[in-house]
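[1] Sequence first, then the predicted structure:
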Amino acid sequence: MKYISFAIPCYNSEEYMAHAVESILIGGEDVEILIINDGSKDGTLRIAREFEEKYPTIVRVIDKENGGHGDAVNAGLKNATGKYFKVVDSDDWVDEHSLLKILELLRGWNEHDMEVDMLISNYVYEKVGAQHKKVIHYRDVLPENEIFSWKDAGHFGIAQYILMHSVIYRTELLKLNQLELPKHTFYVDNIYVYYPLPFVKKMYYLDVNFYRYYIGREDQSVNEKVMISRLDQQIFVTKTMIDMYQMKQISNKRLRNYMTNYLAIMMTISSILCIRSKKEENLEKKKELWKYLKVRQRGVYWKIRHSILGQTINLPGKSGRKISSFAYVVARRFIGFN
């Protein structure tokens, strides 16, 4: 039985993809590794085929035309046969010891006919040159060593929001609820982790530093200059998430608050990129985005606008924008981003 299907989207990843694949191989026959070649123009497909030939019962290659990161995830999910589904970016990797602990947990559940919708673990910012590796954990937010629901979750700190790096979803949950990410769009990992949340009823938190999130490539999508150049895609993803659910229809209060606060973070990121671009046209895009939220979800707008994040990001005038930008720089250093 394949307990976890690992999808590794690859585009021109020949220099680093092997590390991602090799970190998962310790799972042996309990895992399935899907290497999705998203129309690469380098040696990515050759390397993927070599792994497939060497580990034919573990590794499968999906070769497709370029459709972007989200479309590669879609292809992985469509082909996944494992009980659970995990995305690992090709420049990241997983901790082998943590993987063995997760598989031990899943085997035990299988023996007792148990399952969850979402398994959460910690992730580590593997930032180049950093002496201290920032670990994002949920020890003070989520119950440990038990299956729980949203009503049992505590308050998430601003650095503790559940990202793609944190989650392993039950495969059938994603398929039944028709998760499909936009093509040729960056930052869709936010949609990936946000869209399934109302369908998640049973969760489990395992306190292991499982996912290793590499920060350091100049062309990386979270590099600030790159993000500003792709500002329209960031705003598109934010608007997509605004339109996804009417918050008043989310019956569980803690989940509703969590999702509202996630939107607040998305609004903040989009807004600060508009500010730091120092372009008048992008400041207009910022105004339009907040207007969009107000029209689409008025109650959510007022809650976010009057929150600390909303007020900090909307300080008036040039001096206000400088303060907003400074606050962002401080937060970025604290969290560990590029």
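    Cool, got the structure.
[2] quick one: low-confidence ranges for the stretch 51-200 of the chain?
    In the prediction, the stretch 51-200 of the chain carries no residues with pLDDT under 70.
[3] one more time with 80
    The model of the stretch 51-200 of the chain has pLDDT under 80 over residues 129-131.
[4] Next, the buried residues of the helix ranked longest in the chain.
    Longest helix in the chain by number of residues, with DSSP state H as the criterion: helix 253-277. Neighbour-count burial for helix 253-277 flags 254-264, 266-277 (criterion: 16 or more other CB atoms under 10 Å). C-beta coordinates here come from the backbone N, C-alpha and C atoms, glycine included.
[5] So what's the model's average confidence on it?
    Throughout helix 253-277, pLDDT has a mean value of 95.
[6] Next, name the residue at the spatial heart of this protein.
    residue 164 (2.5 Å; CA atoms, centre = their mean).
[7] Spit out the contact partners of the nearest residue to that one once chain neighbours are set aside.
    Spatial nearest neighbour of residue 164, excluding adjacent residues (CB to CB, 6 or more residues apart in numbering): residue 189 at 4.1 Å. Residue 189 makes contact with 69, 87, 163-164, according to CB atoms under 8 Å, 6 or more residues apart in numbering.
[8] among the residues you listed, which are in strands?
    Taking DSSP state E as the definition of strands, those contribute residue 87.
[9] Kindly indicate which of the contacts of residue 189 lies nearest residue 157.
    Ranked by distance to residue 157 (CB to CB), the contacts of residue 189 are led by residue 163 at 13.3 Å.
[10] With residue 23 as the reference, measure out to that closest one.
    18 Å (CB to CB, to the nearest Å).
[11] burial count for residue 243?
    Counted with other CB atoms under 10 Å, residues neighbouring residue 243 total 11.
[12] Spatially nearest residue to it, not counting backbone neighbours?
    residue 296 is the one closest to residue 243 (CB to CB, 6+ apart), at 6.3 Å.
[13] these two touch, right, that neighbour and residue 242?
    Yes: Residue 296 is within contact range of residue 242, at 5.3 Å (criterion: CB atoms under 8 Å).
[14] More neighbours: these two, which one.
    residue 242 (20 against 13).
[15] so which helix or strand takes in that one?
    For residue 242, the host element (DSSP states H and E) is helix 231-244.
[16] CA atoms only for that helix - export them in PDB, please.
    The C-alpha coordinates for helix 231-244 follow below in PDB (Å, rounded to 0.1, in the frame of the first residue of the first chain):
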ATOM      1  CA  LEU A 231       2.400  41.400  -8.700                       C
ATOM      2  CA  ASP A 232      -0.600  40.900 -11.000                       C
ATOM      3  CA  GLN A 233      -0.500  37.100 -10.300                       C
ATOM      4  CA  GLN A 234      -0.300  37.700  -6.500                       C
ATOM      5  CA  ILE A 235      -3.400  40.000  -6.800                       C
ATOM      6  CA  PHE A 236      -5.200  37.400  -9.000                       C
ATOM      7  CA  VAL A 237      -4.600  34.700  -6.400                       C
ATOM      8  CA  THR A 238      -5.800  37.000  -3.600                       C
ATOM      9  CA  LYS A 239      -9.000  37.800  -5.500                       C
ATOM     10  CA  THR A 240      -9.600  34.200  -6.200                       C
ATOM     11  CA  MET A 241      -9.400  33.400  -2.500                       C
ATOM     12  CA  ILE A 242     -11.700  36.300  -1.700                       C
ATOM     13  CA  ASP A 243     -14.300  34.900  -4.100                       C
ATOM     14  CA  MET A 244     -13.900  31.300  -2.900                       C
END
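[17] Residue 69 and residue 110, how far apart?
    Applying CB to CB, the value for residue 69 to residue 110 is 31 Å.
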